[in-house]
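Sharing a sequence plus its predicted fold:
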Amino acid sequence: MLRNYLLNIICWLAIATACLPGYAAIIHLTGDDFRGGGAQTFGHSHDGCEHVNYIYARPSGALASMSATFELSSSPVEPMAVEICGQDDDATAPTHIEISVNGVSIFAGSSGFAHGGWSTRQFAIRDGLLRAGTNSLTLANTEAHGTAGNPPWFMINKVTLAAPAAFPIEHFQIEVPRMTQGEFPAPLKPGEPQFKLRGIKGYSWPPEQYLREIPFLKKAKMNFLMNCYESLLDEKTRRNFWWKPFSDERKTAYASIAKACQQAGITFCFAMHPQINSDRPLNLNSQNDFEDFSAHFAWMQSLGVKWFSVSMDDVGGEDQAAQQARFCNKFLQRLREKDPQAQLIFCPSVYATSMMRGHEKYLPALAMHLDKDIYVFWTGPDVVSLTISREDAEHFRKLIGHRLIIWDNYPVNDGSPTLHLGPITGRDPELCEVADGYMANPMFTETQIEHIPLYTMAEYAYNPVAYDPLRSVGQAIAHLESDSRKQQLLAQLVETYPGDIVYQQHGTGFNSVLYEYARLNTGPSGKAIGQMYIDHLQTLLTQFRAAFPDQYANAAKRLDRDIAQLRQIQNQSLSH
């Protein structure tokens, strides 16, 4: 009974959100409005929802398709979409369906809907397909084998036609493929470009976390791992004692990381920041400071490490550009005295194009003095870049006059109470022709669930020309989990936390759950709809924890805490 009640609430949520003020829905249909299908045979009620209809495999004849007609006073002048509240069967494999408008197919393939629970998906209707007068919408089950009343079946409860802008962002939908589709990331074709360096940096991780990531990097065809400079802070005080020798324990740990990378064919890049969180920031003109700082890198060189990074992000300014450049030049010279193949990446104080405002002289001064062999990190137009175009990269490379490695600030949450799980989007497929490397910035403690977005970033970096965000995230889930029910739960969690890039929101602390609750909790029915949303999240959390008792604990904890925060907000609003 409780399960049916929750599912009924989800159905009402799908409809209520489409009817909020400002949502220009023009047609609302239910399963009762469709001719054909199995409702007359098997009833109009299922899983707590009324007005349901079903379609079965092709051998079921008239029960394999259903159609509804609707009237329009005029042909729409804006793009339109159809949104379906539906459910796949309770078998393990997804059902293949086809959706047609006025006899023209707008979708054909794996349904992508949840098993054993209602979910919504949105499908675009191409311009000119809808017309004034009578229109038709047909849903067909395209499976070749099956009988009436048995899987593979597909059911609908509610259908809405509206302009895409009428639908909220939570209808970002993931289709998990029936099976993994060949190699992942997508293989390269002859002559296709890719980023030479493809990898991640850590995020204040302990050494053992870097070791756990190496097998994943190899599987995802990444070839680059850089430690986070915050990983080298003092464990107790979180202060930066860059001038002190490493402890034997830390040396043993990082020697293990370097060795594991070498064995896996992954380039390990050793990074330090001599200024941040330090009570004694490095003096760029001091020879003693130079020697103390260089000692750590000399030790890493003795282990066979060839790539290094010096970071001075978020410190310094225009007056230090020339000093920073001379320090890095001297540093590269010291590295190459020991190993002519040594490489250095510098993260400047101005590492995003937008940061130049008020610091217009910094990059020209750095470009003038910095050794041309030194790579430069760049995060894109902004610190968290919603899009990065080839033109953006060419503009910055012209300003800095050096080879670029893109430090993409995704899916990093900077330790904030949120998740960013959607695929990377808005990255130009031609960026690899301008920048030599592409590096993701991961989350702090959510190191299991973040493999979903990291997989998509790995595929983009490996084959940017073939990259498709929605296909990639579906493939990522399929490669991480083979069980169909677990795949759907992972997809629902990603759809719940698509991330700041998908939402086009600046800031690593953006929380899509809090954002959606605030958006839904408006108008005369806001409180009721907000409660429905909370109940929906609670159902997801309960099912997720049951399916993954020993995995993704930090992700489940995040959802649990967000639900608790929403309940507190809801209770406070009801008391006023």
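Ah, there it is.

Need the contact partners of stretch 246-254.
Pro207, Glu208, Asn227, Leu232, Phe270, His296, Trp299, Met300 (Cβ atoms under 8 Å, 6 or more residues apart in numbering). All C-beta atoms are positioned from the backbone trio N, CA, C, and that covers glycine.

repeat for stretch 29-47
3-4, 7, 50-56, 60, 62-63, 65-68, 70, 87, 116-118, 137, 139, 148-149, 153, 155-161.

Which among these count as buried?
Listed as buried from those are 7, 51-56, 60, 63, 65-68, 70, 87, 117-118, 137, 139, 148, 153, 155-161; burial here means 16 or more other Cβ atoms under 10 Å.

Among those residues, which are located in strands?
53-55, 65-68, 70, 87, 137, 139, 155-161 (DSSP state E).

what residue ranges in the protein score low on pLDDT?
Low-confidence segments of the chain, defined by pLDDT under 70: 1-26, 47-48, 90, 92, 116-117, 163-172, 178-182, 523-525, 573-576.

who's in contact with the residue positioned nearest the centre of it?
Nearest residue to the geometric centre of the chain (Cα atoms, centre = their mean): Gly422, 2.6 Å. Shown in contact with Gly422 (Cβ under 8 Å, 6+ apart): Phe172, Pro453, Pro469, Val473, Val494, Tyr497, Pro498, Gly499, Ile501, Val502.

of all those, which two lie farthest apart?
Pro469 and Tyr497 (15.3 Å; Cβ to Cβ).

what about these two, which has more around it?
Tyr497 (27 against 19; other Cβ atoms under 10 Å).

Check the gap between the more buried one and Leu559 for me.
Applying Cβ to Cβ, to the nearest Å, the value for Tyr497 to Leu559 is 8 Å.

tell me, what's touching those two both at once?
Val513.

Report the distance from stretch 545-558 to the chain centre.
18 Å (Cα atoms, centre = their mean, to the nearest Å).

Please read the previous query as pertaining to stretch 419-439.
So, by Cα atoms, centre = their mean, the centroid of stretch 419-439 is 12 Å from its chain's centroid.

got the end-to-end distance for that stretch?
Using Cα to Cα, to the nearest Å, the end-to-end distance of stretch 419-439 comes to 19 Å.

Report the buried residues of it.
Quick answer for stretch 419-439 (16+ other Cβ under 10 Å): 419-425, 427-428, 431-432, 434-435, 437-439.

with the residues you listed in mind, which one is nearest to Arg239?
When these are compared against Arg239 (criterion: Cβ to Cβ), the nearest one is Met439, at 26.1 Å.

Give me the residues contacting stretch 550-558.
417-419, 445-449, 493, 497, 541, 544-545, 548.

same deal with stretch 446-455?
184-185, 200, 205, 209, 212-213, 216, 220, 410-411, 413, 419-424, 440, 442-443, 472-473, 475-477, 479-480, 490, 493-494, 499, 551-552, 554-555, 558.

what comes up buried for it?
Glu446, Thr447, Gln448, Ile449, Glu450, His451, Ile452, Pro453, Leu454, Tyr455.

do stretch 394-403 as well
Glu394, Phe396, Arg397, Leu399, Ile400, His402, Arg403.

Stretch 114-132 too?
Buried, per 16+ other Cβ under 10 Å, within stretch 114-132: Ala114, His115, Gly117, Trp118, Ser119, Thr120, Arg121, Ile125, Leu129, Leu130.

just stretch 72-90 next, same as before
So stretch 72-90, judged by 16+ other Cβ under 10 Å, has buried residues Leu72, Pro76, Met80, Ala81, Val82, Glu83, Ile84, Cys85, Gly86, Gln87, Asp88, Asp89.

bridging residues for the fourth one?
Taking DSSP bridges, one obtains Ala124, Ala162 as the residues bridged to Ala81.

sorry, back to before: mind giving me the PyMOL select for the contacts of stretch 246-254, buried ones only?
With 16+ other Cβ under 10 Å as the burial test, the buried ones among these are selected in PyMOL as follows:
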select buried, resi 207+227+232+270+296+299+300
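
Could I get the contacts of stretch 246-254 in JSON lines, plus columns for secondary structure and distance to Ser389?
Rendered in JSON lines, the data for those read as follows (DSSP: H, G, I helix; E, B strand; the rest coil; distance: Cβ to Cβ, whole Å):
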{"residue": "Pro207", "secondary structure": "helix", "distance to Ser389": "37"}
{"residue": "Glu208", "secondary structure": "helix", "distance to Ser389": "38"}
{"residue": "Asn227", "secondary structure": "coil", "distance to Ser389": "30"}
{"residue": "Leu232", "secondary structure": "helix", "distance to Ser389": "34"}
{"residue": "Phe270", "secondary structure": "strand", "distance to Ser389": "32"}
{"residue": "His296", "secondary structure": "helix", "distance to Ser389": "37"}
{"residue": "Trp299", "secondary structure": "helix", "distance to Ser389": "41"}
{"residue": "Met300", "secondary structure": "helix", "distance to Ser389": "36"}
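
can you list the contacts of stretch 246-254 in a markdown table and add distance to Ser100?
As requested, the contacts of stretch 246-254 are exported to a markdown table (distance: Cβ to Cβ, whole Å):
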| residue | distance to Ser100 |
| --- | --- |
| Pro207 | 56 |
| Glu208 | 54 |
| Asn227 | 54 |
| Leu232 | 59 |
| Phe270 | 58 |
| His296 | 65 |
| Trp299 | 66 |
| Met300 | 61 |
